[in-house]
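Q: Test case, fold it:
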Amino acid sequence: MAKIGKYGVLNVVLHPHPLGAYRRMFDLAAAEVRSVQYYGDRFARISPISETRNGVFTGRLATWSEIDPNSNLIEKQTLNEILLSDSDLSIPDGIGFNARVFSFGFRVADHRLYVEIRNDENQNISIRQARVAFLRIFELARDAAVEELDIFVVSATNALERVLATPSLRQIEMRVDLPNPDILTGVAANLIDFLHEQHAKRLNVGLTKKAGEDSLVLSNGMRELAEVANENGFTRAVGRDDTGKTVHRSTRDYPFEIETYLENAESRAAATRRIAEDSSNV
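A: All right, here's what the predicted structure looks like:
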């Protein structure tokens with residue numbers, strides 16, 4: 001019976017990034033970073049990556065929970081607490097608990113990272129949590145030549161329109177970080193030049209509706225800037241519905257997701273590679 005795989009997408013940005021910089025970062029991370037704590041008691045690391053084929057390499061993101069040896073145990077029937085060190089339990093070194101493993105594929109041409117967010121065991125990780133895990137891993141494996149490193153959750157195709165359709169739009173905020181110069185539109189190219197001239201890495205733009213107007217109206221230029229923010233930051237809005245209730249929307253609330261059927265004969269790694277190699281996916 002076919003299973004459904006689910007993927008989220010991250011935009012990985014390095015400055016500068018000479019040829020091979022992305023692969024080198026993954027290789028260093030796999031070899032040197034044993035674990036990072038990314039969410040509560042959850043830890044993560046990545047596997048060694050595959051060869052690059054058709055512009056894509058793949059790997060696995062492993063996550064698990066750690067047990068604090070100084071913590072207490074609880075006897076669930078009586079609710080009595082016992083020090084772990086006083087119990088008969090012995091935790092071997094190098095063992096993680098509640099393990100979950102997710103495949104990923106990286107497309108070099110546009111530095112897109114496709115991450116399995118629901119695996120074939122119906123275990124889940126949110127794309128936001130995956131972003132934090134990868135970012136913390138890469139920060140520890142960061143090459144000294146890399147001046148800037150960031151990872152952004154790629155928003156759904158209609159995310160910006162949903163945000164801009166906020167009723168009675170009263171406020172809008174855009175945050176745009178330095179885009180990767182590999183993928184340039186006119187606005188992105190101009191923004192890179194603008195930020196470099198200011199010795200800046202980020203642009204924050206905010207608009208507030210003036211009194212007497214029904215709603216903010218964005219110019220074409222502001223919309224184009226918001227489109228750049230869709231992959232290199234975020235856009236969020238505040239409005240009011242017909243009842244006067246405040247409405248908050250952000251492109252972060254609508255991540256891009258891909259679902260695909262995994263046939264019985266197809267491995268998770270093969271499915272992930274197929275997703276990443278398909279240039280129509282973002």
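
Q: In three-state terms, label A229 for me.
A: Recorded secondary structure, A229: helix (DSSP: H, G, I helix; E, B strand; the rest coil).

Q: dump the residue contacts of it.
A: M174, R175, V176, T235, T251 (CB atoms under 8 Å, 6 or more residues apart in numbering). From N, CA and C alone the C-beta is placed, and that goes for glycine too.

Q: got a winner among those residues for most neighbours?
A: The most crowded member of the contacts of A229, judged by other CB atoms under 10 Å, is T235 (28 neighbours).

Q: In which helix or strand does H248 reside?
A: H248 belongs to strand 246-250 when assigned by DSSP states H and E.

Q: next one: F138
A: Going by DSSP H and E, F138 is part of helix 127-140.

Q: ok, residues contacting stretch 202-211?
A: 169-178, 191, 194-195, 215-216, 218, 222, 225, 233.

Q: Which among those count as buried?
A: 169-170, 172-174, 176-178, 191, 195, 216, 218, 222, 225, 233 (16 or more other CB atoms under 10 Å).

Q: how close does the closest residue to V56 other than its chain neighbours sit to L10?
A: With CB to CB, 6 or more residues apart in numbering as the criterion, V56 has its nearest non-adjacent residue at 4.6 Å, and that residue is A276. For A276, the distance to L10 under the criterion CB to CB, to the nearest Å works out to 12 Å.

Q: any residues in contact with both of the two?
A: R112.

Q: Settle it for me: which of these two has more neighbours?
A: Comparing A276 with L10 by other CB under 10 Å, the one with more neighbours is A276, at 27 against 24.

Q: The more buried one in helix, strand or coil?
A: helix.

Q: doesn't T52 make contact with it?
A: No. With contact defined as CB atoms under 8 Å, A276 does not count as touching T52 (11.1 Å).

Q: Of the contacts of A229, which pair is most distant in space?
A: V176 and T251 (11.6 Å; CB to CB).

Q: domain assignment for the protein?
A: 3-65+97-154+255-277, 159-253 (automatic domain parsing).

Q: May I see the buried residues of stretch 7-24?
A: Buried, per 16+ other CB under 10 Å, within stretch 7-24: 7-15, 17, 21-22, 24.

Q: got the end-to-end distance for that stretch?
A: Separation of the first and last residues of stretch 7-24 by CA to CA, to the nearest Å is 24 Å.

Q: distance between that stretch and the chain's centre?
A: Put simply, stretch 7-24 sits 13 Å off its chain's centre (CA atoms, centre = their mean, to the nearest Å).

Q: again, but for stretch 134-147
A: Counting by CA atoms, centre = their mean, stretch 134-147 comes out at 15 Å from the chain centroid.

Q: repeat for stretch 243-260
A: That offset, for stretch 243-260, works out to 16 Å (CA atoms, centre = their mean).

Q: what's that stretch in contact with?
A: 4-9, 114, 117, 127-128, 153-160, 162-163, 166-167, 229-230, 234-241, 271, 274-275, 281-282.
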